[in-house]
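[1] Predicted structure and sequence below. I'll ask about it afterward.
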Amino acid sequence: MRRLLTPRLIATIRAAVLLALVLLAATFALPDLARAQPAQAKGYALESVDGLRLHNVRAEPAVLQGKKGVRVTASDEAQRRLQGMAPEEQAHFPQIAVIEGLEFANGVIQAEIAGAPAPGAGEGARGFVGIAFRVQQDAKTHDAFYLRPTNGRAEDQERRNHAVQYVSLPDWPWFRLRKEAPSRYESYVDLEPGVWTKIRVEVRGEHARLYVHGQEQPTLIVNDLKSGANGKGAVALWIDRGTVAHFRDLRVEPSSTRSPSRPE
């Protein structure tokens, strides 16, 4: 005799079918969910030179204002070569320490940095110090935001207006950007040489913003990164001629996707 389906049995069957469908859908969705997960943030204390690939610089552990970090200066060979270069050639000469094993396209880079003119540096030294990103294998090709600490409190207002700078080397050094688009790629912020300064760089496609001192509003906005919407590469500690720089507490949070374009 055929057994009749009771309401309870019908409910049990329905629940089992629904559970099976949910599990099946989750199985097919797993690859998409994995792709959607944000890339994991990476932190670098920078209390040693381990994991740094040096290009025309030397680096060593150091303490500044009671905080551990690394000191970065031009190597002896780099200083010798720089002395024989014209100022425009010097601007194309990379002095960076690349973070090994890290590829960056979009996301957030944070660090504490300090820069001051090196002993015996020329009159044009400003303590140039910053962060390079989307660095290519040749070390010459990259975007960068950097500070000119001695300009922050200069008595000359024009110098103050050049306290922070965006560049994209080798094609877009500071002097070309200043000539073709005055004031568009540099700005003022209060700075002191040889003092730890917190910076935050946000990169999204062709757009980037530099935040200084933990301020809520950006110090400098760039809406046309020269590396383009799909640029990617390494992250590096960046200095320029005549500088003694310090770096500590670097944190990189890559983003797997680009945000929608911001209006100009």
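    Nice, I can see it.
[2] Show me the helices in the chain, by range?
    7-36, 76-83, 87-90, 157-160, 174-180 (DSSP state H).
[3] pLDDT (mean, whole number) over the third one?
    In this case it means helix 87-90. The average pLDDT for helix 87-90 rounds to 85.
[4] same deal with the second one?
    This predicted structure assigns helix 76-83 an average pLDDT of 93.
[5] Show me how far stretch 158-177 is from its chain's centre.
    Distance, stretch centre to chain centre, for stretch 158-177: 16 Å (CA atoms, centre = their mean, to the nearest Å).
[6] Let the chain start at 34 from now.
    Will do, 34 is the new start, and the previous item becomes stretch 191-210.
[7] Can you give the contact residues for it?
    Residues outside stretch 191-210 that contact it (CB atoms under 8 Å, 6 or more residues apart in numbering): 121, 124-125, 127, 163, 173-182, 184-187, 216-224, 241, 243, 245, 252-253, 255, 258-260. (Each C-beta comes from the backbone N, C-alpha and C, glycine too.)
[8] try 7 Å
    With CB atoms under 7 Å, 6 or more residues apart in numbering as the test, stretch 191-210 has contacts from 121, 124-125, 173-181, 184-185, 187, 216, 218-222, 224, 243, 245, 252-253, 255, 258-260.
[9] Endpoints of it, how far apart?
    This stretch, stretch 191-210, spans 16 Å end to end (CA to CA, to the nearest Å).
[10] Kindly report which one of the helices of the chain carries the lowest mean pLDDT.
    Lowest mean pLDDT within the helices of the chain: helix 40-69, at a mean of 55.
[11] Point to the residue nearest the middle of the chain.
    Taking CA atoms, centre = their mean, the centroid of the chain lies closest to residue 142, which sits 4.3 Å from it.
[12] list the contacts for it?
    Each residue near residue 142 by CB under 7 Å, 6+ apart is listed here: 164, 166, 234, 268, 285.
[13] What pLDDT is listed against the residue nearest to it when sequence neighbours are not counted?
    Once flanking residues are discounted, residue 142 sits nearest to residue 234: 4.4 Å by CB to CB, 6 or more residues apart in numbering. Confidence at residue 234, expressed as pLDDT, is 98.
[14] Number of residues surrounding residue 177?
    When counting by other CB atoms under 10 Å, one arrives at 23 neighbours for residue 177.
[15] rewinding a little: and the contacts of stretch 191-210, which are buried?
    124, 174-181, 184-185, 187, 218-222, 224, 243, 245, 252-253, 255, 258-260 (16 or more other CB atoms under 10 Å).
[16] Domains in the protein, by residue range?
    According to automatic domain parsing, the chain comprises the domains 34-68, 75-287.
[17] and those, which one is worst for confidence?
    Note on these: domain 34-68 shows the lowest mean pLDDT, a mean of 55.
[18] Tell me if I'm right that residue 280 and residue 103 touch.
    Yes. Between residue 280 and residue 103 there is a contact under CB atoms under 7 Å: 5.6 Å.
[19] the more surrounded of those two?
    Taking other CB under 10 Å, residue 280 and residue 103 do not tie; residue 280 has more neighbours (28 against 24).
[20] winner for burial among the domains of the chain?
    The highest mean neighbour count among the domains of the chain, using mean count of other CB atoms under 10 Å, belongs to domain 75-287: a mean of 18.
[21] contacting residues for residue 98?
    With CB under 7 Å, 6+ apart, residue 98 has these contacts: residue 229.
[22] same thing but 10 Å
    Contact analysis of residue 98 by CB atoms under 10 Å, 6 or more residues apart in numbering lists 147, 227, 228, 229, 279.
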